[in-house]
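Trainee: Next comes the sequence, and after it the predicted model I'd like to discuss.
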Amino acid sequence: MEEIKSKISELKESVSNDLQVSKSKMPRFKKPNWLRVKLPVGQEYKKVRKIVDKYKLHTICESGNCPNMGECWGAGTATFMILGNVCTRSCTFCAVATGRPPEYDTKEPIRVAKAIKKMGVKHAVITSVNRDELKDRGAEIWYQTVYQTKKLSPDTTIETLIPDVRGNWDALDRMIEAGQEVVSHNIETVERLYKRVRPQARYHRSMEQIKHTKEKGMRTKSGIMVGLGETKDEVLKVMDDYVKNGLDILTIGQYLQPTKMHLEVDDFITPDIFEMYKEEGLKRGIKYVESGPLVRSSYHAERHVNVPI
């Protein structure tokens, strides 16, 4: 009898341990249906894939695990990431690798320009990793990439999504003087969450970067993620700060955890809340607001070039 009781006790302990392991493997939230996307397929996707590989290019579509990669690449568009694929920052939401970047490639601008021409892109988005170790923050590579693209494809419109330059306005001025139609800089989250989400950045410095860009006569754009633990009032406060600093275009999308090493999703924001944010942004005077669960800063970027400055 004692032997049977012992076996039952062992079985209960085994089942309990199995349940604990299963629970630990379960995601905190089940991804809602509105966040499900189709896998990348189609001839246009394959064409873009081939060109990206041939010219040894980096795309934020891949490095950032973008959920819209299939849709955008399938339409023959992509967001190119210059200055390598290793970032000097360690933002806790971002899938791009952190570390000491290798020496940058001075031939990268012409490679990107040739790829854009080969793809027949009508609107190109160019972004980069942070290169804090460079005195000019990579400004000359930025300038040359836009310049060479415009030279080879004069009808192609360009958005440049520029990282935090740490107040180096001379570097920023060089980055934005090659003829791009849109200049973007993402705030990413509300002020309260900055130390946790963007530990090496400063909220008001990023707002000042938008203000400086606007003062140079550019079409300004920025984006934030939601679902990180922010409140609705905090999101509306970001919008008010955007308006004060001259923002023209705003994108709002759901934060999705790239890996288990990154910040967990605090909440999945429903489509009706995204619609409310869009209405609030427009009501405050932001000229164009793209707001939805799958929206990323480069999503439908071709529509933003016609927003009045």
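Mentor: Right, received. Where do you want to start?
Trainee: which residues sit in contact with residue 210?
Mentor: Residues in contact with residue 210, defined by Cβ atoms under 8 Å, 6 or more residues apart in numbering, are 185, 187, 220, 222, 242, 245, 246, 247. In this view, the C-beta of every residue, glycine as well, is placed from N, C-alpha and C.
Trainee: quick one: it and residue 220, what's the gap?
Mentor: In this view, residue 210 and residue 220 are 6 Å apart by Cβ to Cβ, to the nearest Å.
Trainee: what sits in contact with each of the two?
Mentor: With Cβ under 8 Å, 6+ apart as the test, residue 210 and residue 220 both reach 185, 246, 247.
Trainee: The first one contacts residue 212, doesn't it?
Mentor: No - when contacts are counted by Cβ atoms under 8 Å, residue 185 is not listed as touching residue 212 (9.6 Å).
Trainee: Those two: which is more packed in?
Mentor: Ranked by neighbour count (other Cβ atoms under 10 Å), residue 185 and residue 212 place residue 185 first, with 24 against 20.
Trainee: got the contact list for the more buried one?
Mentor: If you count contacts by Cβ under 8 Å, 6+ apart, then residue 185 has 161, 162, 163, 164, 206, 209, 210, 213, 220, 221, 222 around it.
Trainee: per-residue pLDDT, it?
Mentor: pLDDT, residue 185: 97.
Trainee: any idea which element residue 283 lies in?
Mentor: For residue 283, the enclosing helix or strand under DSSP states H and E is helix 271-284.
Trainee: Please point out which parts of that helix sit buried.
Mentor: 273, 274, 276, 277, 278, 280, 281 (16 or more other Cβ atoms under 10 Å).
Trainee: Spatially nearest residue to the second one, not counting backbone neighbours?
Mentor: Right, residue 274. Computed as Cβ to Cβ, 6 or more residues apart in numbering, the closest residue to residue 274 that is not its neighbour in sequence is residue 291, at 4.6 Å.
Trainee: Around the one you found, how many other residues sit close by?
Mentor: When neighbours are counted by other Cβ under 10 Å, residue 291 comes out with 23.
Trainee: Does it touch residue 275 like I think?
Mentor: Yes - contact criterion Cβ under 8 Å: residue 291 and residue 275 qualify, at 7.0 Å.
Trainee: hang on, the earlier thing: can you add distance to residue 232 and give the buried residues of helix 271-284 back as CSV?
Mentor: Listed next are the buried residues of helix 271-284 as CSV, based on distance: Cβ to Cβ, whole Å:
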residue, distance to residue 232
273, 8
274, 11
276, 8
277, 8
278, 13
280, 9
281, 13
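Trainee: Go through those residues and say which is closest to residue 202.
Mentor: Minimum distance to residue 202 across these is 22.9 Å, recorded for residue 281 (Cβ to Cβ).
Trainee: any idea of the pLDDT on that closest one?
Mentor: At residue 281, the pLDDT value in this model is 98.
Trainee: how close does it get to residue 97?
Mentor: From residue 281 to residue 97 the distance is 33 Å (Cβ to Cβ).
Trainee: Show me the strands in this protein, by range?
Mentor: 58-59, 79-82, 86-87, 97-98, 123-128, 157-161, 182-184, 220-226, 249-254, 288-291 (DSSP state E).
Trainee: between those, which gets nearest to residue 31?
Mentor: Closest among the strands of the chain, once you apply Cβ to Cβ, is strand 249-254, at 9.8 Å.
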